[in-house]
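> A structural model of the following input is requested.
(4 chains)
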Amino acid sequence: MTGLLEVRNLRKAFQVKGADGLEELVALEDLSFDLARGSSLAVVGESGSGKTTLARIIAGLQPATSGSVTFDGKPLAPPRRLVDRIARAREIQMVFQDPFGSLDPIQRLGSSLEEILNLHYPGDRAWRRRRVDELLEQVGLSQEFRERTPRSLSGGQRQRFAIAKAIALEPRLIVLDECVSALDVSVQAQVLNLLSDLRQALGISYLFVSHDLAVVRQVCDQCLVMQFGKLVEMGPTQLVLNAPQEPYTKSLLAAVPRPGWRPSKRTQVHQ
Amino acid sequence: MTAFISPADRQAPRSGSADPLVLLLAAICLTIFLIAIVGPYLAPYSPEDADILSAGLGPSGAHWLGTDALGRDILSRLLVGARLSIAGASLIVALSTLFGVSIALACAWRGGILDSIMMSALNIVFAIPGLLIAVILSALMGAGFWPPVIALTVVYVPFIARVIRSAALRERRRAYVDACQIAGFSSWRINLRHIAPNIGSIILAQATITFGAALMDFGAISFLGLGIQPPQAEWGLMVAEGRSELLEGSYQLSMSAGLMIIITVIVFNVLGERISDRYGRA
Amino acid sequence: MRATTGGVARWIGGPCAIILVTSFVIYVALTFAPGDPVAQILGSRSSPEQRAELARELGLNLPLLVRYWHWLTGALTGNFGISTTFRQPVANILMPRIATTIYLVAYSALIILAVGISLGSVGGVSRRLRPYVSALIGFGIALPGYVAALVLVSIFAVYLGWFPTFGAGAGFLDRIWHLTLPAISLAIGWTAYVAQISAAAVREEEGREHVMTARARGLPPALIFRKHILRNAAAPIITASGLSVAGLVAGAVVVETAFAIDGVGSLVVKSVSAKDYDVVVAISVLIVAVFVVMNTLIALLHNIVDPHRKASDS
Amino acid sequence: MTNAIEIENLRIDLPRSGFRKRVPVINDLNLCIEEGEAVGLVGESGSGKSMTTRAIMHLLPDGAQRSGSVRYRGQEIADFDRRTLALYRSRDLGVIFQDPRAHINPLWTIGDFLVEAVVANRQMLRAEATDRAIALLAQVGISNGSQRIQQYPHQLSGGLLQRVMIVSALMPSPAFILADEISTALDVTVQSEVMAILSELRQSNRLGMLFITHDLDLAAAVTDRLAIMYAGSIVEVGPSHEISTAPKHPYTAALMASRPSLTEVRRLQTVPGRPISAFEAGNGCVFASRCSFAAARCSVERPLARQEKDRSVACHFAADLAPAISVAASQ
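Predicted coordinates:
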């Protein structure tokens, strides 16, 4: 099994204005991991763990401060030129947390998908229309959605459409940044099942960023726990969640409400 | 962080039907524009023909709004004056919106040095009061139609750029812009096809409100004697021409021109506010 | 210690730099303005030799930067050049007029702050009065100062005879009497603007969650309004008030002309028409300075009002 | 035991953009909370949970129309005069909101926020109140209270700020706590700690509580009874441990079955469609459009809540469905 994505010594620091001029805020520190082809890797952590920064770097929205990201054997640099951006778009796609902000509010769904297809695979109209219908169907939206705008969609429908946009280019990796955390539980289940189905059908890899351990278990076979920008623990999801090695992972697991659970004062790990 | 759970946004069955008040106001605006275009053909008298014999007449069947001190028909001058006033204000709005929006989009998208240089340059223009710029530029270029138009364009560009820049920045931070980048779209496409249409209502509202201000300021410069020169007709100039008659208790000239300005400005302002209230927040 | 020197540089150096840059821009712009000041002074029948002589005397043959430097050093010692129309030093002409304009602007500023903020608060809080207040505001914003001036004159001066129609008066009470109508016509637009911003800020603050918390805790409505609504809405209200007071100085140009008041504003219009550029430059720089100082004051006040900035500043 | 809060046939209509008339957001809601009892109100977005807390505070949004009754210790709160209402809000209720950063005025210090209500309502003098605030801060695990009260909200983390919010609710020694999604914005480890503190304080002071959340497991862990809410109505009420192990209403069961589990991977049960609001519900059962057991009767006739010992279920077929539902929920 070769790695689809190899991350080595990744570091990201932001310059922020502090009390004494500029200060360095480290979001990621010396992070290394592999994502195997066809595998689904969860990145788990609480707020401030740097997981969203990692997702944005891999998707090409932010440059890293140092370290390297290799995709399919080729180094992945921040796409400065348009050609690079287009090339990256066909390899890696992303689904965002906020289902209400991540879609252009006034663009109809059909036109949104066609815009993407037209840019990457300029073909005849009939083919594009067929493909749009196919994509909508794949995420469980009927054809009548083609003429609707995101405004008239519920959160779950929006998120499913965002997934349709992500798979439209048949990428090899989809970065999912907290993509179900804003959804109601009953709707979240629909999206989680959809993600599992799509992975089986299309063989896409996921980098699944989440704070929710139960959700992670549902979608991912590999799991990476982060805290304060550093890697805490990594391994097969089942192993990490059933037999956590690190105290932080244990405390994280202990804090998740479940039947018979009682809140405890000593779960928060202070630095 | 949780802003997107706000119930107003959740389903938003925003009805596609337009606001009736907006339609009515838009109709009035169109009428004003129409008057500006066909006004000269509707005028019962020539606006520049002085007739000392019929000077200073009150309203009558022959002269609905009376005549001025030179015996010119006030209604005719109002109708003809609409052309210069409205054309001046429209040009100012069109030019300042064009430049303001382009600067704003470029600054918001690029950020960094371009943004800070642009914004400090605009801040320096801001540091000089608008009317003062207009007065100085009129001095530089001489009186007439174009000097106040150019001067007021310079004055309004920073205002528009500032408002639109902050709207564009807000828009740029929304996740759909990231999504567009990830889909491989070019910066031009993202700005022109996605960001600009989404802040379109803000641009429209800003332009509408600027129109009112431009009409008033264009008139002010003529009022000061630095813009349109007599015997041409322009509303602000007519207000100034009526000043001496006012002291003698005859107020048709100043008041009719003043009222035209006020009504036009109110209509445009209310329209602008309605647009931004109703369609501004996406 | 480092922070204090940095603060001084920011609060004093920045505004000074802007004044310097704008004064240069204005000076250069007007130097290239059409119309020859030498010809203005000597009249058209003067000989070329006479003109060259005067030009040398006035330093017009020197390079631009040197001339600006002379002007700047002069200006810093109160010498703004010589007016070609009045044939007197600019400073002598300006002094009495500045006093008049300050009276006018201060009078208007008082009206703006008192009426604008209270009208805005009422419009922001009272659901019942809101439509009337917004109608009033809408009318005020759409009323150009020069039209307002004429309306007020025709009603209160010509028809009722309560106030004089022109002039600035002498002595404090006479001045107040003379300047009432001009001050009101100057203030109307800006009052409406301040009221509009205040109403919007108060309304927005009123809908905030922390105000709901205050209500849920049973705090008295008057306390909620003062401590949680008005206090939090202060920032935009300060900005609007500061901008309008600065804008008054420019607005005086129109209103002083309309009421034939001998102030700085009417002088600039006359001087522009007469191509008396030394006067125009002096007044422009003066107005810009007031504008810049007001903007700095706004920023300072913001820092006092907002603990977030206060904390990151110290 | 007496009831602290009784809500009877509560209906709230709100004006809504895009609609001509007001539309209901809460419809025929009935709920009683005994003195000292903790009740969890569980529901998804748009179910009307937050509007219920606002009805209890008597702090409805502009233009809201309310019918039915909300009583506190037997007295109708709509009949309170201004003074009584202020005292009821300040002394009887302690309210904790979801997002402390938005719900605390950023321009005043923590100390000012904590003491202002009790001082303004003449319950305590400022010095007394400050001492109490510092003591309470210590109880919620903030030991350096005398320094904290001089700080501004932006200088505190979300978890600390939520504890400050809890202290502010406890300042006037209320009899009843209203907690609206108080841990949603917090990380799980912080949530666990804040909830533990709140439970402890509640038990030692014998406070009643209405705990509002979308997380059924969390609610079950900190309350005595649960009320499950859907589309502006309560569909099921009962003791927390019973509901969370043996739900009787199809919606409760669906909610549990769609939640992924920490311990095993299985195909999730999904509920088709999205959560609806009260005004979309029509005349029948509020859940009828998404219920997999729905029959013709369900979409025309609204089921009444059937009381059975200490549980009540609003479903026509609650008795018949029991076996099917217990299988679904335990999956």
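
> only C-alpha atoms from now on, for both contacts and neighbour counts.
Fine.

> now do the SS call for the closest residue to chain B within the stretch 51-200 of chain A.
Closest approach between the stretch 51-200 of chain A and chain B, counting by Cα to the nearest Cα: residue A:102, at 3.8 Å. When classified by DSSP: H, G, I helix; E, B strand; the rest coil, residue A:102 comes out as coil.

> what is the neighbour count of it?
21 (other Cα atoms under 10 Å in any protein chain shown).

> who's in contact with it?
A:96, A:162, B:174, B:175, B:176, B:177, B:178, B:179 (Cα atoms under 8 Å, 6 or more residues apart in numbering or on different chains).

> turn those into JSON lines, including neighbour count and pLDDT.
Putting these into JSON lines (neighbours: other Cα atoms under 10 Å in any protein chain shown; pLDDT from 0 to 100) gives the following:
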{"residue": "A:96", "neighbour count": "25", "pLDDT": "92"}
{"residue": "A:162", "neighbour count": "24", "pLDDT": "94"}
{"residue": "B:174", "neighbour count": "18", "pLDDT": "90"}
{"residue": "B:175", "neighbour count": "20", "pLDDT": "91"}
{"residue": "B:176", "neighbour count": "24", "pLDDT": "93"}
{"residue": "B:177", "neighbour count": "22", "pLDDT": "93"}
{"residue": "B:178", "neighbour count": "21", "pLDDT": "92"}
{"residue": "B:179", "neighbour count": "24", "pLDDT": "92"}
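
> and which of those residues is nearest chain C?
residue B:174 (22.2 Å).

> quick check: nearest residue in space to that closest one, chain neighbours excluded?
residue A:101 (5.7 Å; Cα to Cα, 6 or more residues apart in numbering or on different chains).

> quick check, that neighbour in contact with residue B:175.
Yes: contact status for residue A:101 versus residue B:175: in contact at 5.3 Å, counting by Cα atoms under 8 Å.

> so how far is residue D:105 from whichever residue of the stretch 51-200 of chain A sits closest to chain C?
Using Cα to the nearest Cα, the single residue of the stretch 51-200 of chain A nearest to chain C is residue A:182, 20.7 Å away. According to Cα to Cα, to the nearest Å, residue A:182 and residue D:105 sit 26 Å apart.

> neighbour count: the two, which is higher?
residue D:105 (24 against 19).

> helix, strand, or coil at that one?
coil.

> contacting residues around the nearest residue to it once chain neighbours are set aside?
For residue D:105, ignoring the flanking residues on the chain, the nearest one in space by Cα to Cα, 6+ apart is residue C:210 at 5.3 Å. Residues in contact with residue C:210 (Cα under 8 Å, 6+ apart) are C:228, D:102, D:103, D:104, D:105.

> can you do 10 Å?
C:216, C:228, C:229, D:97, D:99, D:100, D:101, D:102, D:103, D:104, D:105, D:106 (Cα atoms under 10 Å, 6 or more residues apart in numbering or on different chains).

> which strand or helix spans the closest residue to chain C within the stretch 51-200 of chain B?
Chain C sits closest to residue B:140 of the stretch 51-200 of chain B, with a gap of 4.7 Å, by Cα to the nearest Cα. Per DSSP states H and E: residue B:140 is located in helix B:130-141.

> and if you look at residue A:251?
With DSSP H and E as criterion, residue A:251 is part of helix A:247-254.

> what residues sit buried inside that helix?
Buried residues in helix A:247-254, defined by neighbour count with 16 or more other Cα atoms under 10 Å in any protein chain shown: A:248, A:249, A:250, A:251, A:252, A:253, A:254.

> wait, the last one sits on residue A:264?
Just to be clear, that refers to residue A:254. Yes: between residue A:254 and residue A:264 there is a contact at 8.7 Å, judged by Cα atoms under 10 Å.

> between the two, which contacts overlap?
The contact lists of residue A:254 and residue A:264 share D:189, D:192, where a contact means Cα under 10 Å, 6+ apart.

> residue nearest the centroid of chain D?
In chain D, the residue lying closest to the centroid (Cα atoms, centre = their mean) is residue D:212, at 2.2 Å.

> go on, chain A?
Short answer for chain A (Cα atoms, centre = their mean): residue A:176, at 1.6 Å.

> residues in contact with residue D:145?
D:110, D:111, D:130, D:131, D:133, D:134, D:135, D:136, D:137, D:138, D:151.

> can you say which helix or strand has residue B:88 in it?
Here residue B:88 sits within helix B:74-110, counting by DSSP H and E.

> now that helix: how far from the chain's centre is it?
5 Å (Cα atoms, centre = their mean, to the nearest Å).

> for that helix, name the packing helices and strands.
Judged by 3 or more Cα pairs under 10 Å, 6 or more residues apart in numbering or on different chains; DSSP states H and E, the packing partners of helix B:74-110 are helix B:20-42, helix B:112-126, helix B:146-172, helix B:187-189, helix B:196-198, helix B:200-223, helix B:235-241, helix B:252-279.

> quick one: contacts for residue 192?
I'll assume chain A. Counted by Cα under 10 Å, 6+ apart, residue A:192 has contacts A:179, A:180, A:198, A:215, A:216, A:218, A:219, D:258, D:260, D:267, D:268, D:270.

> my question was about chain D, not that one.
With Cα under 10 Å, 6+ apart, residue D:192 has these contacts: A:252, A:254-257, A:262-268, D:183, D:186, D:198, D:218.

> drop anything exposed from the residues you listed.
When the contacts of residue D:192 are checked against 16+ other Cα under 10 Å, the ones flagged as buried are A:252, A:254-257, A:262-265, A:267-268, D:183, D:186, D:198, D:218.

> can you list the domains in chain C?
C:2-90, C:92-313 (automatic domain parsing).

> highest mean neighbour count out of those domains?
domain C:92-313 (a mean of 21; mean count of other Cα atoms under 10 Å in any protein chain shown).

> quick check: phi and psi on the residue nearest to residue B:174?
Per-residue torsions, residue A:101: phi -110, psi -10 (degrees, to the nearest 10).

> which residues sit against the helix holding residue A:251?
A:44-46, A:211-214, A:225-227, A:232-233, A:240-244, A:261-264, A:266-270, D:187-190, D:192, D:262.

> emit the PyMOL select command for whichever of those are buried.
Buried residues among the contacts of helix A:247-254 (16+ other Cα under 10 Å), as a PyMOL selection:
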select buried, (chain A and resi 44+45+46+211+212+213+214+225+226+227+232+233+240+241+244+262+263+264+267+268) or (chain D and resi 187+188+189+190+192+262)
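
> strands - which of the contacts of helix A:247-254 land there?
A:44, A:225, A:226, A:227, A:232, A:233 (DSSP state E).

> now do the contacts for residue C:306.
C:231, C:232, C:234, C:235, D:106, D:107, D:108.

> would you turn those into TSV with pLDDT?
Compiled in TSV, the contacts of residue C:306 are given as follows (pLDDT from 0 to 100):
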residue	pLDDT
C:231	91
C:232	91
C:234	90
C:235	87
D:106	91
D:107	91
D:108	92
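
> dump those to TSV, plus distance to chain B.
Output for those, formatted as TSV (distance: Cα to the nearest Cα, whole Å):
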residue	distance to chain B
C:231	24
C:232	20
C:234	20
C:235	17
D:106	17
D:107	21
D:108	23
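
> need the max-distance pair from those.
Using Cα to Cα, these reach their maximum pairwise distance at C:235 and D:108, which is 14.8 Å.

> and the closest residue to chain A within the stretch 101-250 of chain D, how many residues sit next to it?
Going by Cα to the nearest Cα, chain A is nearest to residue D:193 of the stretch 101-250 of chain D, at 4.2 Å. The tally of other residues near residue D:193 (other Cα under 10 Å) stands at 22.

> ok, which residues in the stretch 1-150 of chain A are in contact with chain B?
A:56, A:59-61, A:79, A:81-90, A:92-107, A:112, A:115-117, A:119-120, A:150 (Cα under 10 Å from any Cα of the partner chain).
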